[in-house]
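Trainee: sequence first, then the predicted structure, then my questions.
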Amino acid sequence: MEAEGYRIEAQRVETLTALTTALSRRPWDLLVAEHAVPGLDALAAIAAAKEMRPDLPVVVVSDPIGEEAVADIVKAGADDYLLRDHLWRLPHAVARALAVAAERRERLQAQQALRESEARFRSLACHVPGMVFELARDRGGDRFTFVSEGARPLLGLAPETLLADAGRFVEQIVPEERAGFLEALSQSARRLDACNWEGRLITPYSNGPKWINVRAGPRRREDGTVLWAGIMTNITRNKRMELEAKRTSAELLELSSHVERVKEEERARIAREIHDDLGGTLTAVKLELASLMNRLPAQGMDLLGRVSSIRILVDRVIAATERIARDLRPPILDFGLTPALCWQAKEFENRLGIVCDVETEPEDVELPEELATALFRIFQEALTNVSKHAGASEVHAVLRYQGGRVSLEVMDNGRGIEAADLAKPGAFGIRGIFERCRALGGEAHIEAGPRGGTRLRVSIPDPQAGGSPPRDEPHRPSLTPAEARP
C-alpha cells in the first residue's frame with residue numbers, strides 16, 4: 001500500500017466490541033475485513049460498520065469460497081472482494097472502494113438534500129393560500145403530477161382524486177367557460193408562454209359559482225411533454241369587489257352623463273329666459289325711455305340728460321344679458337357644430353389676440369345634439385387651458401367625421417404639457433374633458449405636439465351610426481414623459 005503512495009494508519013481488531021469501539025473513536029477511511037475470523041467474520045463486521053457508518057467503504061479478503069458466499073458479502077455492502085493470495089490487488093481494490101464510497105456519499109448527500117428540498121416545498125405548498133400543482137401534457141392527454149393539500153378547501157377534492165383524473169377539475173368549470181380554459185392551456189403549450197386564466201367553478205360545497213385564478217409557467221421536456229408548475233387561488237372576493245366597482249363606476253358614469261344633460265338643458269332654459277324675458281323687458285324699458293325723451297320739453301335739459309344716462313345703462317344691461325345668454329348656450333349651436341366651433345374660435349381670437357382657426361372634414365358635420373354640445377364644451381375648455389397655461393400664439397383645431405366616429409384635435413404652439421400637470425389636484429378642466437368623453441363611450445389623449453406645444457385628441461362614436469358603447473373601465477389621462485416638452 002505504501003509502495004502505491006498511501007500513508008497508512010491502521011488498527012487490527014478481532015472482536016465485535018473492539019470494532020465498534022474503534023469506529024466510534026476515529027473517522028476511519030476504510031475497513032478491510034477477513035472473511036473467516038473466529039468471533040468476527042466479514043458479514044458481522046460489515047453489518048456493524050454499516051450501522052455506524054453507512055458510507056464507510058469495505059474490502060473483504062478471503063480464502064477461496066463459493067459464489068453464493070461472495071454474493072452474500074457483496075449484498076451485505078462490501079465494495080470489493082479479493083483472495084488472500086492476490087493481495088497485490090489490494091491497492092487497486094482500495095482505490096476503487098474509496099472512489100465508490102465517495103460517489104455513494106455524494107449520492108446520499110444529494111438524496112438527503114433532495115428530501116429536505118421536497119420537504120420544504122411540500123411545507124410551503126401546504127401553507128400557500130390556494131392549490132399548488134404540476135400539470136403534464138403528452139400524447140396521453142393532461143394529467144396532474146403533483147397536487148398540494150390546498151385542493152381540498154379550493155376544489156372540494158382530495159389531491160389523490162386529481163392525480164388519478166385531471167378531468168375532475170375541468171368538470172367543475174362552468175360549461176360556458178371550459179373551452180376558454182382549454183384554449184388558454186393550449187396556447188400556453190404552443191408558445192411556451194405563461195398561462196393566466198380566470199374563471200368560475202361549481203364545487204360540491206360552494207354556494208354558487210366560485211371564481212379562481214390559474215397561473216402556471218410551462219417548460220418542454222426532451223420527449224415533448226409540456227409541464228406546467230403553477231398555483232390556483234380563490235379570487236371570488238376580489239372578483240365580487242371588482243364587479244361591484246365596475247357596477248358603481250357604470251352608475252356614476254350614467255349619473256355624470258345625466259348631470260351633464262340636465263346642466264345643458266338648464267343652461268339652455270336659463271339662456272332662453274334671460275334672452276326672452278329679461279332681454280324683452282329691457283328692450284321695452286329702452287323703448288319707453290326713448291318715448292319719454294321725445295316727450296320731454298326742450299327746457300327740461302336736466303331731466304333729458306338723466307333719461308339719456310338711464311338709456312345708456314339699459315343698453316349696457318342688454319349687452320350683458322345677451323353675452324350671458326350666449327355663454328350659457330350659444331344660439332349658433334342650433335345651426336350645427338361647425339358654425340359653433342368657428343364662432344368660438346373667432347371670439348377667442350378677438351378677445352385674446354391668439355390666432356385660432358378651425359378645419360372640418362367634411363365641411364358640414366351633422367351630429368346628435370348631446371354629442372355636438374359635448375364637443376363644443378371640450379373645445380371651449382381646451383381654449384381656456386390654452387389661454388391660462390400655454391403661452392401660445394397660434395391654435396389649430398381639426399374636426400373629422402369618419403367611420404361612425406367624430407374626432408376633434410386641438411393643437412397649440414405653446415410651452416407644452418408635462419406629466420405632472422395632468423395629476424395636479426386642481427386640474428378639473430382636463431378631468432372634465434376626459435369624463436365627457438368617457439360618458440359618451442369615447443377616449444381622449446393629451447400629448448406633446450409634433451412641433452412643440454400641446455395636442456388634445458378626442459374620439460367619440462356617433463350613436464346614430466352604431467358606434468361602440470361606453471367603456472366599462474374608466475379611461476385615464478395619459479402622457480408619455482419622453483414625449484413631453486418642458
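Mentor: Received it, and whenever you're ready, just let me know what you need.
Trainee: now do the strands in the stretch 301-450 of the chain.
Mentor: Assigned by DSSP state E, counting those that start in this stretch, the stretch 301-450 of the chain shows strands spanning 355-361, 394-402, 405-412, 443-448.
Trainee: buried sites along whatever helix or strand comes next after the shortest one?
Mentor: Towards the C-terminus, the helix or strand next in line after strand 443-448, according to DSSP states H and E, is strand 454-461. Judged by neighbour count (16 or more other C-beta atoms under 10 Å), strand 454-461 contains these buried residues: 454-456, 458-461. C-beta: built from backbone N, CA, C; applies to glycine.
Trainee: equivalent analysis for stretch 56-69, please.
Mentor: The neighbour-count check on stretch 56-69 (16+ other C-beta under 10 Å) flags 56-62, 65, 69 as buried.
Trainee: tell me how far the strand or helix carrying Leu90 is from the chain's mean position?
Mentor: Leu90 belongs to helix 90-127 when assigned by DSSP H and E. For helix 90-127, the separation from the chain centroid amounts to 43 Å (computed by C-alpha atoms, centre = their mean, to the nearest Å).
Trainee: can you check stretch 176-192 too?
Mentor: 19 Å.
Trainee: how far away is the residue nearest to Ile73 when sequence neighbours are not counted from Gly208?
Mentor: Closest residue to Ile73 apart from its sequence neighbours, by C-beta to C-beta, 6 or more residues apart in numbering: Val60 at 5.2 Å. Using C-beta to C-beta, to the nearest Å, we find Val60 at a distance of 71 Å from Gly208.
Trainee: domains of the chain?
Mentor: Domain assignment for the chain by automatic domain parsing gives 2-124, 128-234, 240-327, 332-483.
Trainee: low-confidence ranges, the stretch 101-250 of the chain, go.
Mentor: In the predicted model, the stretch 101-250 of the chain carries pLDDT under 70 at residues 121-128, 206, 250.
Trainee: please, which helix or strand holds the residue positioned nearest the centre of the chain?
Mentor: The centroid of the chain falls nearest to Asn196 when counting by C-alpha atoms, centre = their mean (10.8 Å). Using DSSP H and E, Asn196 maps to strand 195-201.
Trainee: so which elements touch the helix or strand Leu282 falls within?
Mentor: Under the criterion of DSSP H and E, Leu282 resides in helix 279-295. Secondary-structure packing of helix 279-295 (3 or more C-beta pairs under 8 Å, 6 or more residues apart in numbering; DSSP states H and E): helix 301-328.
Trainee: just checking, what packs against the helix it packs on?
Mentor: Contacts defined by 3+ C-beta pairs under 8 Å, 6+ apart place helix 301-328 against helix 236-273, helix 279-295.
Trainee: quick one: stretch 371-383 to chain centroid distance?
Mentor: The answer for stretch 371-383 is 33 Å, by C-alpha atoms, centre = their mean.
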